[in-house]
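Visitor: here is my input; please provide its structure:
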Amino acid sequence: MTLEVSAKEDVAEGVVALTLVHPTGARLADWTPGSHVELVLPEGTVRHYSLCGNRWDAYTYRIAVLREPQGHGGSAYVHDVLRAGDRVGVGGPRNHFPLVPSERYLFIAGGIGITPLLPMMHQADLLGLEWQLLYGGRSRAAMAFHEELSAAYGERVRIVPQDEYGPLDLASWLGTPRPGTRVYCCGPAPLLAAVEADCSGWPRYSLRTERFTAADQAAPVRDTPFEVDLRRTGRTVTVTPDVSVLDAVRRAGAQVLSSCEQGTCGTCLTPVLQGLPDHRDSILTGHQRAANDCMFLCVSRSCGDRLVLDL
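Guide: Residues are numbered from 1 along each chain as shown. I've put the predicted structure just below:
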């Protein structure tokens, strides 16, 4: 769909927030905490941003965009070129980071990783649940939304700028496992790795994370060709080591949506009917991978000689 930028505002050093509306004022699709949309910029760049506004407002989407000096131009375009009144393509919303039911929550954010957690905290607060936020960043000036969070939630929120307090003291927050508590974390890769290590002794499935960039992966399970059967079309495709499953099935005529092609957005999720996938995405949890009933075609491959997909 095509949406219009109704407002653009600076919310921190290097971070702008965009408010998106339908050009005709039409209602937008509903979404749940943890959802993201795909922003399709006029020059063709596609980027994914978490929805961080009020999910009960059916007529606006809000996203926040961090300027990425080492990026490929998408964030620079948003910061330097995009203006209120401009129109952009928007895909989604999609949610691969859902807020699952729990007695209590511990939210941990690093920098722009605060964005998917904002509607989660609002939801937990509406339900009267117990929760806390640990929010770190380079400096207060670079930490989006920290003032409104402190004003709205008081002592539930711990703001930890690194230039004032040093790195987050994760050990004191995560050192003692707490049954009945879900930990949600979003931020840079080093923060996610540290949180995963500190949660290793927690009950299974306590931790859920979201990544903005693909996680490092080991070498594929196999480096030889394998076959992919397309159940709906009756075609069989040979996937060689230098070709992704996504590209191979598309060449055979399968219509599969994709976006990031890095295993981070979730667009190309496809059901697996038979076979054992070699999961290489940064989205599925451990128990989802163990089920082996779906895979992301852009990065994942096969452990065996044959996969059967619902395509």
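Visitor: please, where are all the helices along the stretch 101-250 of the chain?
Guide: 117-126, 146-153, 162-165, 170-174, 189-198, 245-251 (DSSP state H, counting those that start in this stretch).
Visitor: could you dump these to TSV with mean pLDDT, distance to Val221 and mean neighbour count?
Guide: The way it works is simple: take the backbone N, C-alpha and C, and place the C-beta from them, glycine included. Listed next are the helices of the stretch 101-250 of the chain as TSV, based on pLDDT from 0 to 100; distance: least, Cβ to Cβ, whole Å; neighbours: other Cβ atoms under 10 Å:
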stretch	mean pLDDT	distance to Val221	mean neighbour count
helix 117-126	96	34	20
helix 146-153	96	43	15
helix 162-165	94	39	12
helix 170-174	91	32	16
helix 189-198	92	22	17
helix 245-251	90	13	19
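Visitor: kindly format the C-alpha coordinates of the lowest-mean-pLDDT helix or strand in the chain as CSV.
Guide: Every helix and strand of the chain was ranked by mean pLDDT, DSSP states H and E. The lowest is helix 286-291, at a mean of 82. Taking Å, rounded to 0.1, in the frame of the first residue of the first chain, the C-alpha atoms of helix 286-291 are listed here in CSV:
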residue,chain,number,x,y,z
GLY,A,286,14.7,-23.0,19.3
HIS,A,287,11.4,-24.8,19.6
GLN,A,288,10.2,-23.4,16.3
ARG,A,289,13.3,-24.7,14.6
ALA,A,290,12.9,-28.1,16.2
ALA,A,291,9.4,-28.4,14.7
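Visitor: ok, residues contacting that helix?
Guide: 204-205, 279, 294 (Cβ atoms under 8 Å, 6 or more residues apart in numbering).
Visitor: turn those residues into JSON lines, including pLDDT and distance to Ala58.
Guide: Shown next, in JSON lines, are these (pLDDT from 0 to 100; distance: Cβ to Cβ, whole Å):
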{"residue": "Arg204", "pLDDT": "85", "distance to Ala58": "37"}
{"residue": "Tyr205", "pLDDT": "87", "distance to Ala58": "32"}
{"residue": "His279", "pLDDT": "92", "distance to Ala58": "36"}
{"residue": "Cys294", "pLDDT": "91", "distance to Ala58": "30"}
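Visitor: out of those residues, the closest to Gly25 would be?
Guide: Checking the contacts of helix 286-291 against Gly25 by Cβ to Cβ gives Cys294 as the nearest, at 36.9 Å.
Visitor: surely that closest one and Pro271 touch.
Guide: Yes. Under the contact definition of Cβ atoms under 8 Å, Cys294 touches Pro271, with a separation of 5.3 Å.
Visitor: these two: which has the busier surroundings?
Guide: Cys294 (17 against 12; other Cβ atoms under 10 Å).
Visitor: for that one, give me its contacts.
Guide: Going by Cβ under 8 Å, 6+ apart, Cys294 touches 269-272, 284, 288.
Visitor: now these: which count as buried?
Guide: Buried members of the contacts of Cys294, scored by 16 or more other Cβ atoms under 10 Å, are 269-270, 272, 284.
Visitor: which of these sits closest to Thr176?
Guide: Of all the buried ones among the contacts of Cys294, Leu284 has the smallest distance to Thr176: 27.9 Å, by Cβ to Cβ.
Visitor: which SS class is the closest one?
Guide: coil (DSSP: H, G, I helix; E, B strand; the rest coil).
Visitor: picking that back up, put the buried members of the contacts of helix 286-291 into a PyMOL selection.
Guide: Listed next is the PyMOL selection for buried residues among the contacts of helix 286-291, using 16+ other Cβ under 10 Å:
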select buried, resi 279+294
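Visitor: with distance to Ala7 added, can I get the contacts of helix 286-291 in TSV?
Guide: TSV is the format used below for these (distance: Cβ to Cβ, whole Å):
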residue	distance to Ala7
Arg204	43
Tyr205	38
His279	40
Cys294	37
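Visitor: quick check, nearest of the contacts of helix 286-291 to Val237?
Guide: Cys294 (18.0 Å).
Visitor: what's the distance between that closest one and Pro161?
Guide: 40 Å (Cβ to Cβ, to the nearest Å).
Visitor: burial measure for Glu43, as a count.
Guide: Using other Cβ under 10 Å, Glu43 has 9 neighbouring residues.
Visitor: with Gly201 instead?
Guide: Neighbour number of Gly201 under other Cβ under 10 Å is 11.
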